[in-house]
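A.B. asks: sequence unknown, structure follows:
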DNA sequence: ATGGGCTATGTTTGCGTAAACATCGCCTCG
DNA sequence: CGAGGCGATGTTTACGCAAACATAGCCCAT
């Protein structure tokens, strides 16, 4: 910076003003400085800038895996939204899905060059980790629809989505709907399962035993084989599209035609869902909006004009494709 | 830091030594300091630290989209590997796949708190963008198997992978292999297409006209419908798994049985590939290793003990599943 | 026993920037 | 025509940390 100032024949402070786009600099001076900057290849040093300003203009994102569609697309929404508000995004990996590992990640985040942290994980993993935080760093949690009393929480409206799936199937004339749920410890899976059950009960339908998978297509296939054996099973709601894919294959392998004999609904609307055999009816989640809301909440806290708690639910959308059809009884 | 020093009754420098884990501190002193840190909730300020050290211990990753399996998994590999070497990862989004946008991203990266940059994109997009870089920041490019003379480049061995796919199909007795390629402007797509053609020519087989998709399942479906019309088409090599998925559905819709009548091979080995109908034979890419190599190369440059150019190709693996079978002619 | 070397700790200094305050010249208005 | 004010620019300072250098106490070998 001193070099630029010397070359431009001005003070360092004026260089600072130009580089920060402050208004009270005469145009000719500004241009001289800009030319000097270009000539010397000057870049502001962000460390010094952050040190002085006390802010990094960066958001940390803590997540366990990028292997799931939801996390990645949420992340993408966060990055896009943060970029629009001139903030960078720093990824903070968690080695294992344990509270200890998450606490470690939060500790690292506290020492990192970030002003705020978004955790994409379920509440029970977050636990009390944010308590170990420097007070200045703000936290928002995605993918957990409770704990809104401790941090702002943003999540898909799991209940409404699951209800829409079940009601769609009941509306097609199916007597009841079987459910292939996600892992038992997952809040999202629990929400979808509970809403599935509640919707059946509200409609006065029998509630079949629930099958728990692990979100993978393979688990969907294994459980799908069991459902295929059950002639009374004409409608299946899978807790995500990947398991639905496995179920489709199981039905195919067992000669149960979809949707003629069995209707299948997924959850997520992954990009491939429209190309499954047959194309999958599913519940679309708006991950981009989740990401955008996370950024809004967290920057609201940083600016001091946003709420520090409260849950925001993002609506879902039923996407009807060819894997569901009226029941032929 | 001064508060901690006062409470512990030592100098600020000793606090610094403790917080950096330097060895020449007596255990009792260290413990006193650690206790004072805990009591005051002290966190090192990373801005000041970076300012002093001249390094951020952070790597920037420039990429256009996280919507593709490859980019995400490469990113995941980068994050894991960077974390193992105590580096953070900052995402730098590119708004549009144009050289201008990429140049803008590199400019931002230059002002960001990063010591090095990894670009996950094809070379022709990177263009001369890194020339606008501060000299201190190092660059590595993934997903481009040329330009290794300007920066280190890490990429999947596209040619070997495509050759393995074609040879597998020829080995099953198919007279030739049709190809559904990626977009024409994509280097990766070009490499796979060229290797497909070269392998057919080397075997003295006829080279069918190439069909270009856009990587999406929908484009695979559209092109698959055309292939399904052609009774001479018994083997298809798709440039990625998503298009292969579309092809499988097209064959299914036209009553062309896979693999009995038509064999299909994909590229990537996405997690769903094993659950397609039928499970997809494909070329597995080792994205985690690509990510790890990117980090190694880039940190090697930062440390000054790594090469500044050169291409590293990561081998692929043929994964045989049920979508390919011997030709029945 | 005494010098030399070694370790633990303290002191000084500066990294690059921007806020706060200081200065300087010009314009306006009575 | 001069006081007052305002906008453009310069000067000083501190942000929090760690490198470099300084000091002080100790042990060992001669």
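C.D. replies: Yes, it's here. As the structure is a computational prediction, the values presented were derived from the model and not from experiment. Residues are numbered from 1 along each chain as shown, chains lettered A, B, ... in the order given.
A.B. asks: in the stretch 1-150 of chain A, where is pLDDT below threshold?
C.D. replies: Where the stretch 1-150 of chain A drops to pLDDT under 70, the residues are A:128-137, A:144-149.
A.B. asks: flag every residue of chain A that's near DNA strand C.
C.D. replies: A:1-2, A:12-13, A:16, A:19-20, A:43-45, A:48-49, A:51-53 (C-beta under 7 Å from any atom of the strand). Yep, even glycine has a C-beta here, placed from its N, CA and C like the rest.
A.B. asks: what about the residue of the stretch 101-250 of chain A found nearest DNA strand D, neighbour count?
C.D. replies: Closest residue of the stretch 101-250 of chain A to DNA strand D, C-beta to the nearest atom of the strand: residue A:111 (9.2 Å). Number of residues near residue A:111 (other C-beta atoms under 10 Å in any protein chain shown) recorded here: 15.
A.B. asks: quick one on the thing from earlier: among the residues of chain A next to DNA strand C, the buried ones, what's the PyMOL command?
C.D. replies: Applying 16 or more other C-beta atoms under 10 Å in any protein chain shown to the residues of chain A next to DNA strand C leaves a buried subset, and the PyMOL line that selects it is:
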select buried, chain A and resi 1+16+19+43+45+49+51
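A.B. asks: next step: the residues of chain A next to DNA strand C restricted to helices.
C.D. replies: Among these, the ones falling in helices (DSSP state H) are A:2, A:12-13, A:16, A:19, A:48-49, A:51-53.
A.B. asks: ok, now which ones touch residue A:167?
C.D. replies: With contact set as C-beta atoms under 8 Å, 6 or more residues apart in numbering or on different chains, residue A:167 has these partners: A:199, A:203.
A.B. asks: look up how far chain B lies from it.
C.D. replies: Noted for residue A:167: a distance of 27 Å to chain B, by C-beta to the nearest C-beta, to the nearest Å.
A.B. asks: hey, where'd the strands end up in the stretch 1-150 of chain A?
C.D. replies: A:58-63, A:88-93, A:116-120, A:138-142 (DSSP state E, counting those that start in this stretch).
A.B. asks: check what pLDDT the residue of the stretch 101-250 of chain A found nearest chain B gets.
C.D. replies: At 3.5 Å from chain B, residue A:217 is the closest residue in the stretch 101-250 of chain A, using C-beta to the nearest C-beta. Residue A:217 is assigned 97 on the pLDDT scale.
A.B. asks: test my guess that it contacts residue B:272.
C.D. replies: Yes - counting by C-beta atoms under 8 Å, residue A:217 touches residue B:272, with 5.5 Å between them.
A.B. asks: how about the residues of the stretch 1-150 of chain A by chain B?
C.D. replies: Listed as neighbours of chain B in the stretch 1-150 of chain A under the rule C-beta under 8 Å from any C-beta of the partner chain: A:41, A:43-48, A:50-51, A:56, A:58, A:65-67, A:72-73, A:75-76, A:79-80, A:83, A:88-93, A:95, A:110-113, A:134-135.
A.B. asks: which of these are buried?
C.D. replies: Looks like the residues of the stretch 1-150 of chain A next to chain B have A:43, A:45-47, A:50-51, A:56, A:58, A:66, A:72-73, A:75-76, A:79-80, A:83, A:88-93, A:110, A:112-113 buried, using 16+ other C-beta under 10 Å.
A.B. asks: still on that earlier bit, out of residue A:217 and residue B:272, which sits in the more crowded spot?
C.D. replies: Between residue A:217 and residue B:272, counted using other C-beta under 10 Å, the more crowded position is residue A:217 (26 against 22).
A.B. asks: and the closest residue to the more buried one other than its chain neighbours, how many residues sit next to it?
C.D. replies: Once flanking residues are discounted, residue A:217 sits nearest to residue B:275: 3.5 Å by C-beta to C-beta, 6 or more residues apart in numbering or on different chains. Using other C-beta under 10 Å, residue B:275 has 27 other residues around it.
A.B. asks: residue B:275 and residue A:56, how far apart?
C.D. replies: 42 Å (C-beta to C-beta, to the nearest Å).
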